[in-house]
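K.L.:
Mind looking at a prediction? Sequence and model below.
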Amino acid sequence: MSKSPFRRMIDAPDFWRLWWVGLIIATVRWVETVAVGVVVYQRTDSAFLVAMMTMLPVLPMGLFGVFLGALAERVDRRRMLFVVVLLMAGISAVLAMLNAAGWLEIWHLALASFINGCGWCTDNPVRRVMIGDAVGREKMSLAMSLDVGANNASRMIGPVVGGILLAGAGLQGVLFLSTLMYCAALAIVLTIRARAAHAAETRPVLARIAEGLVFARSDKRIRGVLIVTVIYNVFAWPFTSMIPVIGRDRLHLGPEGVGLLATMDGIGAFAGALVLALWLTPKWYGRAFVGGVLCYMLTVVIFALAQSPALAGAALILTGLGGAGFGTMQATLVYLASPPEMRSRILGVLTVCIGIGPLGFLWLGWLADHIGSHNATALTGALGLLAMAGTWHWWKEI
């Protein structure tokens, strides 16, 4: 049986195992994001609370990302990945039992979102560093394109599955599926053979974190990527929390329609990731990264102001294309610019910059309750474009 073109280009079994783990976890994340967003809005009628539910999984990145990056240099990353997936499987199982007993409350969902976020924020310093170790520096861009492509495929599959399952089987069906999928990811983690060597560091964690921060600040490329990442996660990414709200209130869609609408972003992102995997060359890495962010923010404004599901869906496809450039190059640029012994730490710093996102969710949720979800989303996207223009001097080195 012949191998696919991508398998011929990356003949590393551990990469594909890590790829499948990432795909499964990301799919569960999107299934739960859409389902929980719809349920919370149905119970509370508050756009602010929907934004908070989407924000809570991001919050641990800002709180713990840099510490997890330093920790990942000291432990067996395979074991750490197993513990993380096991934790998330347990959370979904507990929520399913609470829901079956009729005891599930909004605060249970909020706490679970935060705990799951603690697991998700290990992705850059643990799983993606393992990917780099598995494929080598030369194929890191291709590997990241395929990994981001899998993540984006989950954004096509997850929202549709979440919406259909929520309409047909309720939240119980969603939580049951989540538990099963996490268990499948656990089984795959057990088959990963290579264990990344970890440094025999004896220096205090805080000292190593400080060293990583100093290096990130001194390298113009890394500093530029971090600045753009902060802008993206404050002004661009939070708009995803408004898709269920805009879909229901402005476009008058039901759960299935909201799920289908949300998947449009994933379709564009998946297509973009495949294009990048096949044709992107190193000299275009920086342009793909920055251009992707600008495209994303512009089309967020168009989505927010659209009055028909067709136009809104087309705008989301374009946000996906832009997001593919940003998502693929974000970790790739940092990985390639970092010394091997500091990659987990620097990717931990990147995770902290992603974790700035809760400020954007708070702002967008508050603004949506005051001026409407579509107006708030459009205004936030426009402010993001202004922020990019104002910081050009710092990110032009990318």
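P.N.:
That came in fine, so what should we check first? Residues are numbered from 1 along each chain as shown.
K.L.:
Give me the helices and strands touching the helix or strand hosting Arg79, please.
P.N.:
Assigning secondary structure by DSSP states H and E places Arg79 in helix 77-100. In terms of contacts (3 or more CB pairs under 8 Å, 6 or more residues apart in numbering; DSSP states H and E), helix 77-100 is packed against helix 13-44, helix 106-120, helix 129-135, helix 140-189. For glycine as for every other residue, the C-beta is placed from the backbone atoms N, C-alpha and C.
K.L.:
of those, which approaches Leu68 most closely?
P.N.:
With CB to CB as the criterion, Leu68 lies closest to helix 106-120 of the helices and strands packed on helix 77-100, at 8.6 Å.
K.L.:
got a list of contacts for the closest one?
P.N.:
Helix 106-120 is contacted by residues 25, 29, 32, 36, 39-40, 43-44, 49, 52-53, 56-61, 64, 84-85, 87-88, 91-92, 94-95, 98 when judged by CB atoms under 8 Å, 6 or more residues apart in numbering.
K.L.:
Now with 7 Å, please.
P.N.:
For helix 106-120, the surrounding residues in contact (CB atoms under 7 Å, 6 or more residues apart in numbering) are 29, 36, 40, 43-44, 53, 56-60, 64, 84, 87-88, 91, 95, 98.
K.L.:
sorry, back to before: extract the C-alpha set from the helix holding Arg79 and format it as PDB.
P.N.:
Extracted in PDB, the C-alpha atoms of helix 77-100 (Å, rounded to 0.1, in the frame of the first residue of the first chain):
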ATOM      1  CA  ARG A  77       7.200  14.900  27.900                       C
ATOM      2  CA  ARG A  78       5.400  11.700  26.900                       C
ATOM      3  CA  ARG A  79       4.400  11.100  30.500                       C
ATOM      4  CA  MET A  80       3.300  14.700  30.900                       C
ATOM      5  CA  LEU A  81       1.200  14.400  27.700                       C
ATOM      6  CA  PHE A  82      -0.500  11.300  29.000                       C
ATOM      7  CA  VAL A  83      -1.300  12.900  32.400                       C
ATOM      8  CA  VAL A  84      -2.800  15.900  30.600                       C
ATOM      9  CA  VAL A  85      -5.100  13.800  28.300                       C
ATOM     10  CA  LEU A  86      -6.100  11.600  31.300                       C
ATOM     11  CA  LEU A  87      -7.100  14.700  33.200                       C
ATOM     12  CA  MET A  88      -9.300  16.000  30.400                       C
ATOM     13  CA  ALA A  89     -11.000  12.600  29.900                       C
ATOM     14  CA  GLY A  90     -11.800  12.600  33.600                       C
ATOM     15  CA  ILE A  91     -13.300  16.100  33.500                       C
ATOM     16  CA  SER A  92     -15.700  15.100  30.600                       C
ATOM     17  CA  ALA A  93     -16.700  11.900  32.400                       C
ATOM     18  CA  VAL A  94     -17.500  13.800  35.600                       C
ATOM     19  CA  LEU A  95     -19.600  16.400  33.700                       C
ATOM     20  CA  ALA A  96     -21.500  13.600  32.000                       C
ATOM     21  CA  MET A  97     -22.300  12.000  35.400                       C
ATOM     22  CA  LEU A  98     -23.400  15.400  36.900                       C
ATOM     23  CA  ASN A  99     -25.600  16.100  33.800                       C
ATOM     24  CA  ALA A 100     -27.100  12.600  33.900                       C
END
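K.L.:
Now do it and helix 140-189, the angle between them.
P.N.:
Using axes from the mean of the first three to the mean of the last three CA atoms, to 10 degrees, the inter-axis angle of helix 77-100 relative to helix 140-189 is 60 degrees.
K.L.:
Could I get the average pLDDT for helix 77-100?
P.N.:
What helix 77-100 shows for mean pLDDT is 92.
K.L.:
what angle do it and helix 106-120 make?
P.N.:
Going by the same axes, to 10 degrees, helix 77-100 makes 170 degrees with helix 106-120.
K.L.:
Mind listing what's buried along helix 77-100?
P.N.:
Within helix 77-100, the residues scored as buried using 16 or more other CB atoms under 10 Å are 77-78, 80-82, 84-86, 88-89, 91-96, 98-99.
K.L.:
So which residues make contact with it?
P.N.:
25, 72, 104, 108, 112, 115-116, 119, 122, 126-127, 129-130, 171-172, 175-176, 178-179, 182-183, 185-186, 189, 192, 195-196.
K.L.:
Just give me how far it sits from the chain centre.
P.N.:
Distance of helix 77-100 from its chain centroid, counting by CA atoms, centre = their mean, to the nearest Å, is 18 Å.
K.L.:
Run the angle between that helix and helix 13-44 for me.
P.N.:
Using the same axes, to 10 degrees: helix 77-100 against helix 13-44 is 30 degrees.
K.L.:
hmm, back to that, would you reformat the helices and strands packed on helix 77-100 as TSV and include mean neighbour count?
P.N.:
Below are those laid out as TSV (neighbours: other CB atoms under 10 Å):
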stretch	mean neighbour count
helix 13-44	22
helix 106-120	19
helix 129-135	23
helix 140-189	21
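K.L.:
Nearest approach to Thr377 belongs to which of these?
P.N.:
Of all the helices and strands packed on helix 77-100, it is helix 13-44 that lies closest to Thr377, at 14.3 Å by CB to CB.
K.L.:
The helices and strands packed on helix 77-100: which one's closest to Ile356?
P.N.:
Within those, the stretch nearest Ile356 is helix 106-120; the backing value is 13.7 Å (CB to CB).
K.L.:
what about His370, how many residues close to it?
P.N.:
The tally of other residues near His370 (other CB atoms under 10 Å) stands at 10.
K.L.:
what about the helices in the stretch 251-398 of the chain?
P.N.:
255-279, 285-305, 309-337, 343-354, 357-371, 373-390, 392-395 (DSSP state H, counting those that start in this stretch).
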